[in-house]
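Asker: No sequence on hand, only this structure:
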Ligand code: ADE
């Protein structure tokens, strides 16, 4: 892949970050990954799995775990940021993938079950700070590795990914998503991309569409209805992404 970008070698140590257990489950089960209870900080809710793929890949897959008070998965940017730091610091991967589900846009050619790979810097759509300099800082723009060759090889749609902490949206969110040219709306990728950028780790987002933001159905109903099928589609594509990397795709021309 042209993923190589400015990295210095091939991608053999891969970190996969998921927010929800339901999103990760099909892939974890298919690969038979084992939990590594010794990794990370036992005080934190994150669940880490280790495994190998093919001939050459070493994987660390981290899920954000559950909040014991509310009994739900730790979704959104705060757990994503902290888990990204724990995982990238402890595993030192050559590539970090934020994997999960997301909303798509019919007006941009999106459909339920599509799997997108990021093709431009990651941005936020709900950090509005109308102060000089802070306005651009709020929106962000954290690098994504080039993904054209990967997308063609694996059969992924390419698009911009925009992050915010709400499943629903305001008119202002839509305006910022539109301005950034994003095709995918989700709740973790830009936060993880920020950590990856700070630590110098190449980053990609891989997102399966559960609902259409500009469709006629209520987001929450559509999300719940399609979560399982979209997560299966995500697991399938992730498998193929790893196959591609195992074959040497993404090798830097060094
Ligand atoms: N995850 C799945 N669908 C989403 C949406 N519409 N907005 C944010 N995150 C999502």
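Answerer: Received it, and whenever you're ready, just let me know what you need. Only a predicted model underlies this, so the values are computations on that prediction, with no experimental measurement involved. Residues are numbered from 1 along each chain as shown.
Asker: Please enumerate the strands of the stretch 101-250 of the chain.
Answerer: For the stretch 101-250 of the chain, the strands defined by DSSP state E, counting those that start in this stretch occupy 115-118, 122-124, 140-142, 157-163, 182-186, 203-212.
Asker: Which other helices and strands does the last one contact?
Answerer: Right, the one you point to is strand 203-212. Counting by 3 or more CB pairs under 8 Å, 6 or more residues apart in numbering; DSSP states H and E, the packing neighbours recorded for strand 203-212 are strand 95-104, strand 115-118, strand 182-186, helix 189-199, helix 219-246. For every residue, glycine as well, the C-beta is placed using N, CA and C.
Asker: is stretch 21-40 anywhere near the ligand?
Answerer: No. Applying CB under 6 Å from any ligand atom, one finds stretch 21-40 separated from the ligand by no less than 9.3 Å.
Asker: and the end-to-end length of that stretch?
Answerer: One end of stretch 21-40 to the other measures 18 Å (CA to CA, to the nearest Å).
Asker: What average pLDDT does that stretch get?
Answerer: Stretch 21-40 carries an average pLDDT of 97.
Asker: how near is the residue of the stretch 51-200 of the chain found nearest the ligand to residue 156?
Answerer: Proximity to the ligand, evaluated over the stretch 51-200 of the chain using CB to the nearest ligand atom, is greatest for residue 103 at 2.4 Å. Distance from residue 103 to residue 156, counting by CB to CB, to the nearest Å: 17 Å.
Asker: who's more crowded, those two?
Answerer: Legend: neighbour count by other CB atoms under 10 Å for residue 103 and residue 156, higher for residue 103 (26 against 21).
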